[in-house]
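1. Quick one: sequence plus predicted model below, questions after.
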Amino acid sequence: MIFKDSSTSIQDFKDLVRIFCEERNWDQYHNAKELTIGIVTEASELLEHFRFKSEKEVNELFENETKRQEISEEIADVLYFLVRLAQKYDIDLATELNKKIKKNKKRYPIEKAKGSNKKYMEY
């Protein structure tokens, strides 16, 4: 099955990851702590691509097919662990993201936050 952003649901991702892990009997290794460690580890590997790079150098990474693929794989690794954590602990990602955006709209009203990189506590 081929997945595309435009036609794939979060539930499709959860099912894909669940089946992949069940086939390998990995539930025993995937508790909240281990999955969260996986998120941080993979996010750190993603960060390695960009550390100490200028904006120009970062843009060049995305223009290089090999580097772009490496970055894409790290993004997929982060997504895998995030989806697996949500799948294992029955967290509805769409609902939670929507709630977080609503909360952040209050924290970062357009009239104060537009064009600013300040944290909401700073204004």
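-> Okay, I see it.

2. contacts and neighbour counts: CA atoms only from here.
-> Will do.

3. avg pLDDT for stretch 38-50?
-> The average pLDDT within stretch 38-50 is 98.

4. so how far is it from its chain's centroid?
-> 11 Å (Cα atoms, centre = their mean, to the nearest Å).

5. Can you mark which positions in it are buried?
-> Using 16 or more other Cα atoms under 10 Å as the test for burial, stretch 38-50 gives Gly38, Ile39, Thr41, Glu42, Ala43, Glu45, Leu46, His49.

6. Which two of those residues have the greatest separation?
-> Using Cα to Cα, those reach their maximum pairwise distance at Gly38 and His49, which is 17.5 Å.

7. Break the protein into its domains for me.
-> 10-90, 92-123 (automatic domain parsing).

8. For Leu46, see how far away Leu9 is.
-> You called it Leu, but residue 9 is Ser. 24 Å (Cα to Cα, to the nearest Å).

9. neighbours around Phe81, how many?
-> As a burial measure, Phe81 scores 22 neighbours (other Cα atoms under 10 Å).

10. With Ile19 as the reference, measure out to it.
-> Taking Cα to Cα, one finds Phe81 at 14 Å from Ile19.

11. swap in Asp92?
-> Separation of Asp92 from Ile19 (Cα to Cα): 18 Å.

12. could I get stretch 116-123 in CSV with only the CA atoms?
-> This file holds the C-alpha atoms of stretch 116-123, laid out as CSV (Å, rounded to 0.1, in the frame of the first residue of the first chain):
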residue,chain,number,x,y,z
SER,A,116,7.7,38.0,16.9
ASN,A,117,9.8,35.1,18.2
LYS,A,118,9.1,35.9,21.9
LYS,A,119,7.6,33.3,24.2
TYR,A,120,4.1,34.1,25.4
MET,A,121,5.4,35.0,28.9
GLU,A,122,7.5,37.8,27.4
TYR,A,123,4.7,40.0,26.2
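
13. Which strand or helix spans the residue nearest in space to the middle of the chain?
-> The residue lying closest to the centre of the chain (Cα atoms, centre = their mean) is Leu79, at 4.5 Å. Leu79 is part of helix 65-88 when elements are defined by DSSP states H and E.

14. in that helix, what counts as buried?
-> 68, 71, 74-75, 77-88.
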